[in-house]
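Participant: I need the structure of the sequence given here:
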Amino acid sequence: MTVGSLMNATPVTVPLAETFAGAYRLMTSQRLSSIPVVDTRGVYQGMFDFQDVWELLLPRAALLGMESLTNLAFLSEAVNKLHDKLEQAGSRPIREFLDATAPPVHPDTPIKEVILLFHQYNVSLPVVERGTNRLVGMISPWEVLDALQ
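Facilitator: Alright, predicted model coming up:
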């Protein structure tokens, strides 16, 4: 069994020319945890995901890997201030937020390899054409789990 037999071949995507606000609206309206970003030729550029939103909203101290910082109650940021942070980021280009941590896979990638990547990165994975890096789909843990039932 390979990725090509299970992937979603028509994923929702965001164009590289999009802004943070546009990608955020699409993500929330479609209830997606991540969206692949592609250029005008459909070439995969990276992912926009919840991590990008959380990093925008959290204080720097929480992002520095301070394991001892487990309680943010000392912060007085009200919901309206968090909303303001989102508003301020709205016009920034989406390319500033791209995450390329999880590697793309290919239609011929074996499912066993994808399961290992799911375990390592805990995200859905972009599926790209070999050589061109053109996005041809997405594979999520749900497709794999459904196939294994």
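Participant: show me the contacts for P104.
Facilitator: Contact partners of P104, counting by Cβ atoms under 8 Å, 6 or more residues apart in numbering, are 44, 125-128, 133. Where you see a C-beta, it was placed from the backbone N, CA and C, and this is true even at glycine.
Participant: can you do 6 Å?
Facilitator: Contacts here follow Cβ atoms under 6 Å, 6 or more residues apart in numbering; on that basis P104 touches 44, 126, 128.
Participant: what does K85 give?
Facilitator: Remark: with contacts taken as Cβ under 6 Å, 6+ apart, K85 is in contact with 56-57.
Participant: Pull up the gap between it and F50, please.
Facilitator: Using Cβ to Cβ, to the nearest Å, K85 is found at 15 Å from F50.
Participant: swap in V128?
Facilitator: Here V128 is placed at a distance of 22 Å from F50 (Cβ to Cβ).
Participant: between these two, which one's more packed in?
Facilitator: Taking neighbours as other Cβ atoms under 10 Å, V128 and F50 compare with V128 leading, 22 against 12.
Participant: was I right about the more buried one contacting G42?
Facilitator: No. In this structure V128 lies outside contact range of G42 using Cβ atoms under 6 Å: 9.6 Å.
Participant: Residues that sit against both of these two, list them.
Facilitator: Common neighbours of V128 and G42 (Cβ under 6 Å, 6+ apart) are L135.
Participant: which residues of the chain score low on pLDDT?
Facilitator: Scanning the chain for pLDDT under 70 picks out 59-79, 83.
Participant: That one: helices as residue ranges?
Facilitator: Counting by DSSP state H, the chain has helices at residues 3-6, 20-30, 50-57, 60-63, 79-89, 111-121, 141-148.
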